[in-house]
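Student: sequence? don't have it. structure:
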Ligand SMILES: *Cc1c(COP(=O)(O)O)cnc(C)c1O
């Protein structure tokens, strides 16, 4: 059906195997044809990553420590819970390009966005606006609108939604920079997605951060789709703060605790207020139970509560994998896999109502290609891809299908299966 054949995909997999053996790949659904492929071709790792095999033992070890040690597990055992965060700090800092003390794993993403805005959204005088992208993930939109309301401001006036130019799919960096140049003195905070969840566009984080700072605003980033997907240098780029989840490219399991970055310059700034809780104290003074909070100069000061160890265990497994493989190697494989998927799609799209809406420049995207489907609904198509072909993609209303080939575990053969199935399911309508 497509020129580039299955044999080529198999050859590429043999030459460039990735780390699939570290992961559990779900079986293809019963009755999916062609039924000769026992595993799912999984393309939804940008929504929920697959489980590393090691995470099961990691969780069981903590359950056993609890049974064996009970409350003493905070202080003794192989990985005392009191200092569990410290085991995550190094690998997490390397993953996102942070200095020691600039990161912490806690809560969930939207919760963390709120906690960070408590500290870093400080509307004053004319400078009240929050800049987001119009196609921001809905939770981010709700978060900033409710923060505006919390400060007694009208969300419709306070939240600025930047749109691509008419007829274009992506927000241009120059247009974000241009807006900040013109209206920057009214902007308190720029809060964009590092990679847009819908189009897969990778924003120019350093350029937009610089433009925000030139305008006198702060720059926060939602890295839900960027963490574990593209190399990041948050400290070097001078990002003020960032938050991300651990269940997408980071593979730490459904609802896994998220990550937070706060730039060093804010860590010991007395002007930065935060909501306080006992776990934000330094481990050495936490149990002094003092009535007044004395925050350490560390992102861990943003913690409110003692962390869920059973949920952190898979985060630890995941960060170890990223630390040993390295983001540079993953990025290189991601570009090879995504480029291969793109080449196969380019063979079938000229005669079918399918358009790739993700940027074509590999430097401006991560491991995701979003397709606009011009016939039928994207939801029907993803259902048929799954049930009839064992290809698990996802859809976003009304007409977007997202395919995320994940460099840790996806294969060239998965990509071939996806495009082969798309070619069969979306009928040719002739050259476009
Ligand atoms: C996945 C995602 C979320 C999800 O938020 P949770 O609080 O983890 O449920 C939020 N924002 C963006 C941009 C996302 O991609």
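Tutor: Yep, that arrived. None of the values given here were measured: they were computed from a predicted structure.

Student: contacting residues for residue 399?
Tutor: 372, 373, 374, 377, 378 (CB atoms under 8 Å, 6 or more residues apart in numbering). In short, each C-beta sits where N, CA and C put it, glycine included.

Student: filter the residues you listed to the buried ones?
Tutor: Among the contacts of residue 399, those buried by neighbour count (16 or more other CB atoms under 10 Å) are 372, 373, 378.

Student: can you narrow these to ones near the ligand?
Tutor: Among the buried ones among the contacts of residue 399, no residue is within reach of the ligand (CB under 6 Å from any ligand atom).

Student: Could you dump these into a markdown table with distance to residue 53, pLDDT and secondary structure added?
Tutor: Output for these, formatted as a markdown table (distance: CB to CB, whole Å; pLDDT from 0 to 100; DSSP: H, G, I helix; E, B strand; the rest coil):
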| residue | distance to residue 53 | pLDDT | secondary structure |
| --- | --- | --- | --- |
| 372 | 36 | 96 | strand |
| 373 | 35 | 94 | strand |
| 378 | 32 | 92 | helix |
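
Student: Apart from its neighbours in sequence, what residue is nearest residue 237?
Tutor: Spatial nearest neighbour of residue 237, chain neighbours left out: residue 206 (4.1 Å); criterion: CB to CB, 6 or more residues apart in numbering.

Student: For the one you found, the count of nearby residues, please.
Tutor: 15 (other CB atoms under 10 Å).

Student: follow-up on the earlier one: between the contacts of residue 399, which is nearest the ligand?
Tutor: residue 378 (17.8 Å; CB to the nearest ligand atom).

Student: tell me the strands in the stretch 201-350 of the chain, going along the chain?
Tutor: 218-222, 241-244, 258-262 (DSSP state E, counting those that start in this stretch).

Student: what comes into contact with stretch 135-145?
Tutor: If you take CB under 8 Å, 6+ apart as the criterion, stretch 135-145 is touched by 109-110, 113-114, 117, 130, 132, 155, 158-159, 161, 191-193, 196-199, 222, 224.

Student: Kindly recompute the last result at 6 Å.
Tutor: Residues from elsewhere that reach stretch 135-145 (CB atoms under 6 Å, 6 or more residues apart in numbering): 110, 113, 114, 130, 132, 155, 159, 197, 198, 222.

Student: Do you know the pLDDT at the fifth one?
Tutor: Predicted confidence (pLDDT) at residue 132: the value is 98.

Student: Distance across stretch 264-280, terminal residue to terminal residue?
Tutor: Start-to-end span of stretch 264-280 (CA to CA, to the nearest Å) is 16 Å.

Student: Just the mean pLDDT for that stretch, thanks.
Tutor: 96.

Student: got a list of contacts for that stretch?
Tutor: 99, 102, 118-119, 293, 295, 297, 301-306.
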